[in-house]
Every structure is written in C-alpha cells, then in structure tokens.
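K.L.:
Below are the sequence and a predicted model; questions follow.
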Amino acid sequence: MKTLIIERPGSAVTRDAPRPSPRPHEVLIEVAACGICGTDVHIYRGEYLGTYPITPGHEFAGTVAAVGADVSRFRPGDRVAVEPNIACNNCPACLSNRQNFCESWKGVGVTLPGGMAEQVCVPENAVFGIGELPFSAGAFVEPLSCVVHGMQRLDPRPSDRLLIVGAGPIGNLLMKTAIAMGASSVTMVDRSEGRVALAAAEGGAVVKARFSVDELPADGYDAVIDATGVPALMERTTAWVRPGGRILLFGVPPAGSRISIDAFAVFRKGLALLSSYTSARNSLQAVSLLQSGRIDVTRLVSHELPLSGFAQGVELIEKGAQGVMKILLVPAR
C-alpha cells in the first residue's frame with residue numbers, strides 16, 4: 001500500500017509498505033480522507049511532538065477493512081472516524097477523568113502510525129461510527145471534538161457577543177459551534193478577505209466580518225477566542241474583552257514562545273483566562289453535530305490532494321495561499 005512517512009523534520013516521502021494486519025483489539029481502516037492539521041505541520045517542521053519516522057495524520061475517516069479477533073463493535077464495511085488520543089486509563093490524570101493529560105499518552109499519527117496511508121490499524125476503543133456522513137465530513141470529527149471541548153471550557157451564554165481572531169478552518173468550526181450554542185453575535189477577524197467573507201457567508205446574520213484587529217473596539221465583547229496561536233495577537237485579547245469577560249486561547253503557539261499579558265488589565269477587568277488542550281471524550285458530540293447538519297463543513301474543504309501532495313499542502317497552509325482552508329489527503333488518488 002501507499003503510505004506517507006515523515007522520515008525526519010523537513011523530509012516527507014511516499015512509499016510502498018506492507019498492508020498492516022489488525023491485532024486482536026484493533027480495527028483496520030481503509031482511509032478515505034485525512035486532513036492536514038497544524039499539528040502535522042509542526043511535526044513536519046520538527047517543532048512539536050512527533051516521533052520519527054512517523055506516518056502522520058490524526059484527522060481521518062474511512063471504511064473498516066478488517067477487524068481483530070476480539071473486536072465486537074465493528075465489522076468490515078462500517079464507515080468510521082477516529083479519536084486519536086490513546087489514554088492508559090490508569091494514571092492519576094486518567095483516574096481523575098482528565099484523559100487528555102494522560103501521563104502515558106499515545107497519539108495516532110503522532111507517536112503511532114496515522115491516517116496518511118491507504119490503511120491503518122487503530123485500537124477499537126478509538127473508533128466511532130459515522131453512518132452515512134461523507135468521509136470528507138468524517139475527517140472533521142477530531143478537530144470538531146477539540147472545538148467542542150474548548151467551547152465547553154469557555155461556556156458561552158446564549159446572548160454573548162463573541163470575537164474570534166482567525167477565520168481558518170478551526171476559527172470557522174469555533175464560530176459554527178458558538179452559533180449552535182446560542183451566541184447572539186460572532187465577529188470574525190482575519191487578514192484574509194476570502195476567509196472572512198466565507199465565515200460571514202457561513203454564519204449568516206449572526207456573523208460580522210473584520211479584516212484587521214485594529215478595527216476592533218476596546219471592551220467590545222463578552223468573550224474573545226484566539227484561533228491563531230500567534231503570540232502577538234494572544235497578548236491583545238485583554239483589550240477587546242469587556243470587564244468580567246472570558247478569554248479562550250485556543251490556537252497552538254510555537255513551542256517555547258512567550259506572551260506578555262497586561263496583568264493589571266486581567267486584575268482590573270476581573271477576566272477569566274482559559275486555554276484548551278485537545279479534546280476530552282468529545283468525539284460522539286462531534287459526530288452528532290455533523291450528522292444533524294447543525295454544523296456543515298462542506299465549504300471548509302478547499303483542496304483534495306493525493307498522499308504525495310503532503311508537502312505541497314503544507315506549503316499552501318504556511319504561505320496562507322489564496323482560498324486555502326482545510327486540505328484533505330485522499331490516499332486512493
């Protein structure tokens with residue numbers, strides 16, 4: 001089968017490899033679509049997590065090709081997606097219901113072979129059925145589960161005015177989830193006019209578009225979400241949120257980066273400063289939101305590439321190419 005391998009930082013190749021066979025508690029998945037995530041980019045650049053060599057890809061969906069002898073929930077032909085975070089369920093974090101901070105954490109596509117291959121074996125307890133949901137939408141189960149976790153931490157109220165900095169795929173998922181939770185208005189800001197226009201079209205009357213953070217009013221929002229991970233923007237969130245408001249730092253900053261927050265503003269305004277790390281068993285919620293149509297990701301897919309297009313996809317993402325949103329790799333191409 002064809003598989004993408006990041007041999008070392010900056011070097012990714014497509015190779016022929018033996019098709020894997022599932023162990024007793026594993027499910028063999030024929031991958032139909034796998035998203036390129038910012039984490040994959042960081043692994044490719046040697047900036048964040050990852051072991052080498054590694055087949056990346058943790059945002060994927062496909063069809064069950066075979067099951068191990070002890071698998072009971074799935075059979076060949078089932079349409080599935082994956083929760084890539086594998087917890088030990090026995091460390092202090094797991095036993096405190098904080099599996100996303102498992103001390104023996106393993107990650108499909110990070111420390112274990114991932115979905116940028118024609119087939120991949122995944123533990124049964126990390127697999128979820130998606131019914132008739134298109135595979136391109138199934139590839140959004142993982143990022144949407146992370147968004148759901150972040151929004152649960154932020155806990156927006158039905159009448160809240162939200163500001164989301166960054167209108168990429170994650171920013172759009174945050175916006176759509178905020179609307180589903182009842183936000184009265186969502187302001188999206190991004191330097192890409194195309195991305196802001198798409199967000200406004202997807203959010204309808206609830207969404208307002210801005211092209212520059214310099215246009216944002218001070219104290220104008222009940223809650224502010226940074227979806228960029230850019231330290232300079234993260235630092236400015238305290239200016240835009242109202243007194244008593246909440247800030248969610250959701251975007252992934254570069255490892256080792258530092259931010260300087262106006263400590264007096266946090267004190268004077270009585271702000272709640274939050275962050276969010278991966279998901280906390282939110283995959284079924286994500287599947288439900290996608291199946292119900294309350295969150296539609298159709299227009300968030302801008303490119304579909306073969307496995308050999310991984311480096312091209314990374315370049316498009318890093319350059320912020322015109323029109324680029326979520327890039328899916330389709331192994332069958």
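P.N.:
Cool, got the structure.
K.L.:
where does the protein have low pLDDT?
P.N.:
Applying pLDDT under 70 to the chain flags no residue at all.
K.L.:
Can you show me the helices along it?
P.N.:
38-45, 92-95, 135-138, 141-154, 169-180, 193-203, 231-240, 263-269, 283-292, 310-319 (DSSP state H).
K.L.:
Can you redo those helices as TSV, where the extra columns are mean neighbour count?
P.N.:
Where you see a C-beta, it was placed from the backbone N, CA and C, and this is true even at glycine. TSV is the format used below for those (neighbours: other CB atoms under 10 Å):
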stretch	mean neighbour count
helix 38-45	21
helix 92-95	14
helix 135-138	22
helix 141-154	24
helix 169-180	25
helix 193-203	19
helix 231-240	18
helix 263-269	12
helix 283-292	19
helix 310-319	17
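K.L.:
okay if I get those helices as TSV plus distance to Val27?
P.N.:
Converted to TSV, the helices of the chain look like this (distance: least, CB to CB, whole Å):
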stretch	distance to Val27
helix 38-45	22
helix 92-95	22
helix 135-138	14
helix 141-154	15
helix 169-180	26
helix 193-203	33
helix 231-240	38
helix 263-269	46
helix 283-292	14
helix 310-319	24
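K.L.:
Out of the ones you listed, which gets nearest to Asp78?
P.N.:
For these, the distance to Asp78 is smallest for helix 135-138, at 11.7 Å, taking CB to CB.
K.L.:
For that closest one, name the packing helices and strands.
P.N.:
If you count contacts as 3 or more CB pairs under 8 Å, 6 or more residues apart in numbering; DSSP states H and E, helix 135-138 packs onto strand 26-35, strand 59-67, strand 79-82.
K.L.:
Direction included, what does the longest one pair up with?
P.N.:
Spelled out, it's strand 26-35. strand 59-67 (antiparallel), strand 119-123 (antiparallel), strand 326-329 (antiparallel) (DSSP bridges).
K.L.:
One more: the shortest one?
P.N.:
Sheet pairing for strand 79-82, assigned by DSSP bridges, gives strand 59-67 (antiparallel), strand 127-129 (antiparallel).
K.L.:
how about the most centrally placed residue in the chain, what does it touch?
P.N.:
Geometric centre of the chain, nearest residue: Pro143, 2.7 Å, by CA atoms, centre = their mean. Going by CB atoms under 8 Å, 6 or more residues apart in numbering, Pro143 touches 35, 37, 59, 169-170, 173.
K.L.:
And for Arg73?
P.N.:
Residues in contact with Arg73, defined by CB under 8 Å, 6+ apart, are 124, 127.
K.L.:
sorry, back to before: reformat the helices and strands packed on helix 135-138 into JSON lines and put mean neighbour count next to each item.
P.N.:
Converted to JSON lines, the helices and strands packed on helix 135-138 look like this (neighbours: other CB under 10 Å):
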{"stretch": "strand 26-35", "mean neighbour count": "25"}
{"stretch": "strand 59-67", "mean neighbour count": "24"}
{"stretch": "strand 79-82", "mean neighbour count": "26"}
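K.L.:
Among those, which comes closest to Val266?
P.N.:
For Val266, the closest of the helices and strands packed on helix 135-138 is strand 59-67, at 33.7 Å, according to CB to CB.
K.L.:
CA atoms of the closest one as CSV?
P.N.:
Extracted in CSV, the C-alpha atoms of strand 59-67 (Å, rounded to 0.1, in the frame of the first residue of the first chain):
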residue,chain,number,x,y,z
GLU,A,59,-8.0,13.7,11.3
PHE,A,60,-9.3,10.9,9.2
ALA,A,61,-12.3,8.7,8.2
GLY,A,62,-12.8,5.6,6.2
THR,A,63,-14.2,2.1,5.9
VAL,A,64,-13.4,-0.8,8.2
ALA,A,65,-11.4,-3.3,6.1
ALA,A,66,-10.9,-6.0,8.7
VAL,A,67,-11.2,-6.4,12.5
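K.L.:
what angle sits between that strand and helix 141-154?
P.N.:
For strand 59-67 against helix 141-154, the angle by axes from the mean of the first three to the mean of the last three CA atoms, to 10 degrees is 130 degrees.
K.L.:
Any idea how many residues pack against Glu7?
P.N.:
12 (other CB atoms under 10 Å).
K.L.:
quick one: contacts for it?
P.N.:
Neighbours of Glu7 in contact, by CB under 8 Å, 6+ apart: 13, 52-53.
K.L.:
Might you specify the subset of the residues you listed located within strands?
P.N.:
Those of those mapping onto strands are Val13, per DSSP state E.
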